[in-house]
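Chemist: coords please:
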Amino acid sequence: MKSSEVKELTTKEILAKIEESKVALVKLRMNHAVSPLENPNQIKDTRKNVARLKTELRFRELNNIVK
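Modeler: Next comes the predicted model:
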């Protein structure tokens with residue numbers, strides 16, 4: 001998910017995506033611990049996606065932007 005896509009989401013959608021991504025990240029880490037993932041970069045991509053979402057959420061909090 002690109003930053004431009006994140007900016008188009010509403011605040012509720014961002015919160016939902018953060019929760020989904022966190023759950024997916026835990027599952028990826030557990031699966032990778034048991035047996036190596038075919039594409040371990042998925043872990044990095046998911047972690048960065050969570051960071052993008054949290055960054056946009058924090059930006060909206062500081063600027064009082066409500067969507």
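
Chemist: helix or strand right after the strand or helix carrying I14?
Modeler: Using DSSP states H and E, the element containing I14 is helix 11-34. As assigned by DSSP H and E, the chain's next helix or strand after helix 11-34 is helix 41-63.

Chemist: other SSEs contacting that next one?
Modeler: Helix 41-63 sits against helix 3-8, helix 11-34, with contacts defined as 3 or more C-beta pairs under 8 Å, 6 or more residues apart in numbering; DSSP states H and E. Where you see a C-beta, it was placed from the backbone N, CA and C, and this is true even at glycine.

Chemist: follow-up on the earlier one: residues making contact with the helix holding I14?
Modeler: By C-beta atoms under 8 Å, 6 or more residues apart in numbering, the residues outside helix 11-34 that reach it are 1, 6, 9, 37, 40, 42-43, 46-47, 49-50, 53-54, 56-57, 60, 66-67.

Chemist: Could I get the contacting residues of the residue nearest the centre of the chain?
Modeler: Note on the chain: the residue nearest the mean C-alpha position is V50, at 2.4 Å, using C-alpha atoms, centre = their mean. If you count contacts by C-beta under 8 Å, 6+ apart, V50 has them with I18, S21, K22, L25.
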